[in-house]
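[1] Provide a 3D model corresponding to the input given below.
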Amino acid sequence: MQPKQFRLQQDAYKKVRKKFLLIFLPLMVFAAGVGFSIAHFNGEEKGGDITYLIFALPIALLVIVPTMLKTLKRQKEQFQSYRLTIEDTLLVREQKDTPTIELSFLDVKEIIKVGNGSFVIQGLQKGDSIQVPAQIEEYELVESSLNSIMPVTTKLSKSLMQQYGWLMAFGMLALLIVVFVSRNTLFVTGGGVLLVAFLGWALYECRNSKSIDEKTRKGLWWLWVLMLAVIGRILAVWLGWI
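    Residues are numbered from 1 along each chain as shown. Down below sits the predicted model:
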């Protein structure tokens with residue numbers, strides 16, 4: 001069989017960008033609100049002047065907007081570089097700044113078609129997973145090719161992470177408020193433990209995912225800083241420093 005290479009539709013990114021912005025923008029606004037809330041309450045407790053918050057908002061926008069534009073540019077380049085090659089006995093997924101994934105037909109554990117039309121080709125190892133977006137060119141041919149490897153299983157819903165990932169992000173930001181604003185030992189400890197557990201899990205998943213680009217993985221150092229800050233806050237409450 002001649003190798004078949006599939007790319008994504010030319011206008012595919014527009015649809016993905018719209019979904020991304022619908023989640024990213026509210027999340028950024030909420031994150032900024034969390035930061036200002038923590039600064040506001042801590043400033044009031046210390047009797048400090050918090051008028052600087054008036055000047056902090058424009059500065060935050062100067063940081064958020066370029067970051068968002070840069071993220072969109074990188075996301076577009078990565079999305080448009082997607083290639084899926086189906087050879088005689090091998091599946092190959094290539095994408096800019098991410099490790100190439102090669103799966104022998106014999107190593108395919110299952111192929112799932114989810115409700116949005118995308119496919120998940122799962123290998124024997126957890127990290128060996130190929131995501132095939134619904135915006136792939138020659139969709140019917142891709143689906144029939146995958147069915148020739150193994151019958152495709154249909155699942156109407158996405159994974160819990162895909163369905164509720166944005167809710168988890170909002171929940172994490174809410175926990176930040178609890179941890180850094182509250183002085184109640186129980187609230188700070190409970191919220192802090194949940195937050196550290198979530199951040200640790202997110203760090204592990206991102207570091208081991210072959211679908212996340214190298215630049216994003218290298219930029220995850222701030223999660224370590226945040227976890228240390230949370231642990232420090234818990235210790236400070238228990239030792240009576242605050």
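[2] the helix or strand bottoming out on mean pLDDT in the chain: how far from the chain's middle?
    Taking mean pLDDT, DSSP states H and E as the measure, the chain has helix 12-45 as its least confident helix or strand, at a mean of 71. Put simply, helix 12-45 sits 14 Å off its chain's centre (CA atoms, centre = their mean, to the nearest Å).
[3] packing partners of that helix?
    When contacts are defined as 3 or more CB pairs under 8 Å, 6 or more residues apart in numbering; DSSP states H and E, helix 12-45 packs onto helix 52-80, helix 160-181. All C-beta atoms are positioned from the backbone trio N, CA, C, and that covers glycine.
[4] got the buried residues for the next helix or strand after the last one?
    Going back to what we said before, that points to helix 160-181. Per DSSP states H and E, the first helix or strand lying C-terminal to helix 160-181 is helix 185-208. Using 16 or more other CB atoms under 10 Å as the burial criterion, the residues of helix 185-208 that qualify are 188, 191-192, 194-196, 198-199, 202-203.
[5] got the contact list for Thr185?
    Thr185 makes contact with 237-238, according to CB atoms under 8 Å, 6 or more residues apart in numbering.
[6] got a pLDDT number for it?
    Note on Thr185: pLDDT of 93.
[7] and it, how far from Leu195?
    15 Å (CB to CB, to the nearest Å).
[8] please apply the same query to Arg83.
    Arg83 sits 38 Å away from Leu195, going by CB to CB.
[9] now do Tyr204
    For Tyr204, the distance to Leu195 equals 15 Å [CB to CB].
[10] show me where pLDDT drops low in the protein?
    For the chain, applying pLDDT under 70 flags the ranges 1, 23, 27, 37, 39-61, 64, 156-166.
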